[in-house]
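>>> The following block contains a protein sequence and its predicted model.
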Amino acid sequence: SQQGEEDPQALSIQEGENATMNCSYKTSINNLQWYRQNSGRGLVHLILIRSNEREKHSGRLRVTLDTSKKSSSLLITASRAADTASYFCATGYSNYQLIWGAGTKLIIKP
Amino acid sequence: DGGITQSPKYLFRKEGQNVTLSCEQNLNHDAMYWYRQDPGQGLRLIYYSQIVNDFQKGDIAEGYSVSREKKESFPLTVTSAQKNPTAFYLCASTTAGSANEKLFFGSGTQLSVL
């Protein structure tokens, strides 16, 4: 099965700046999720946005979904060193499976 | 605390050997999943189980086997038929047998070939 596409592949910003990463997909979805993975660790769920929603917030995170463009973005505001991680989008198409992007590696410089 | 426990954290496999990765959850989740992660790539589904004593192949099941004898346990065996087993293996679970909802992940097992 084809993976979703994320860009950029890597992003390096100064602490305090905002970070934006994008996810595109090919066919209609039920929902889209964002996860964070610290190096060598498991994934942690951040936000789930359903196909009939356009925007969701959770703390410093803001996720948008544009189903007409088949794309989503994750914005992290006022970045911190602890935000350094890889971020993955996963699109839900069926009851059992998610399709995962290759991830964006985010580095926050002090 | 509720969660998913994977063990061991690191595992080494010799040529021709079968190895088993453990995954245990105390979240009372019905569905459990095994994913493989290669460097710089997303997750690929190996096997999943929506209920005890039942499991289904994912996208890359060849060379792997699983069992689901108990709700809380979903071990993965990497058989000698898997010729390129070096990867990071992640176990996950969710409620109600639907991966369209939030997944909870273990901390992973790094498997390497000696």
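Arrived safely, thanks for sending.
>>> From residue B:57, how far off is the closest residue to residue A:53 other than its chain neighbours?
Nearest non-adjacent residue to residue A:53, counting by C-beta to C-beta, 6 or more residues apart in numbering or on different chains: residue A:65, 6.3 Å away. Any C-beta I mention is one placed from the backbone N, CA and C, and that applies to glycine too. Using C-beta to C-beta, to the nearest Å, residue A:65 is found at 30 Å from residue B:57.
>>> Neighbour count for these two, which is higher?
residue A:65 (21 against 13; other C-beta atoms under 10 Å in any protein chain shown).
>>> So for the host helix or strand of the more buried one, mean pLDDT?
Secondary structure from DSSP states H and E places residue A:65 in strand A:61-66. Averaging pLDDT along strand A:61-66 gives 98.
>>> Now do the residue located most distally from the centre of chain A, the pLDDT please.
In chain A, residue A:110 marks the outermost C-alpha relative to the chain mean, sitting 22.5 Å out by C-alpha atoms, centre = their mean. On pLDDT, residue A:110 comes in at 91.
>>> Please apply the same query to residue B:12.
93.
>>> which residues touch it?
B:111-114 (C-beta atoms under 8 Å, 6 or more residues apart in numbering or on different chains).
>>> Could you pull out the strands in chain A for me?
Ranges of strands within chain A are A:5-7, A:10-14, A:19-24, A:31-37, A:43-50, A:55-58, A:61-66, A:71-76, A:85-92, A:98-100, A:104-109, based on DSSP state E.
>>> CSV for these, including distance to residue B:36?
Converted to CSV, the strands of chain A look like this (distance: least, C-beta to C-beta, whole Å):
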stretch, distance to residue B:36
strand A:5-7, 18
strand A:10-14, 22
strand A:19-24, 21
strand A:31-37, 14
strand A:43-50, 13
strand A:55-58, 28
strand A:61-66, 26
strand A:71-76, 24
strand A:85-92, 14
strand A:98-100, 11
strand A:104-109, 19
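>>> so which of those comes closest to residue B:21?
strand A:43-50 (16.6 Å; C-beta to C-beta).
>>> Tell me if that closest one is near chain B.
Yes. Applying C-beta under 8 Å from any C-beta of the partner chain, one finds strand A:43-50 touching chain B at A:43-45, A:48.
>>> buried set for that strand?
A:43, A:45-49 (16 or more other C-beta atoms under 10 Å in any protein chain shown).
>>> next one: stretch A:29-37
Buried residues in stretch A:29-37, counting neighbours by 16+ other C-beta under 10 Å, are found at A:29, A:31-37.
>>> what does stretch B:49-66 give?
B:49-50, B:55, B:58, B:60-61, B:64-66.
>>> what's the lowest-pLDDT member of those residues?
residue B:50 (90).
>>> Surely that residue touches residue B:30?
Yes. Here residue B:50 reaches residue B:30: they are 6.2 Å apart, a contact under C-beta atoms under 8 Å.
>>> before we move on, the earlier item: got the angle for the strand holding residue A:65 vs strand A:85-92?
Strand A:61-66 and strand A:85-92 meet at an angle of 40 degrees, taking axes from the mean of the first three to the mean of the last three C-alpha atoms, to 10 degrees as the criterion.
>>> Low-confidence stretches in the chain?
Going with chain A. Scanning chain A for pLDDT under 70 picks out the ranges A:1-4, A:94-96.
>>> actually chain B
Those would be B:1-2, B:96-99, if you go by pLDDT under 70 across chain B.
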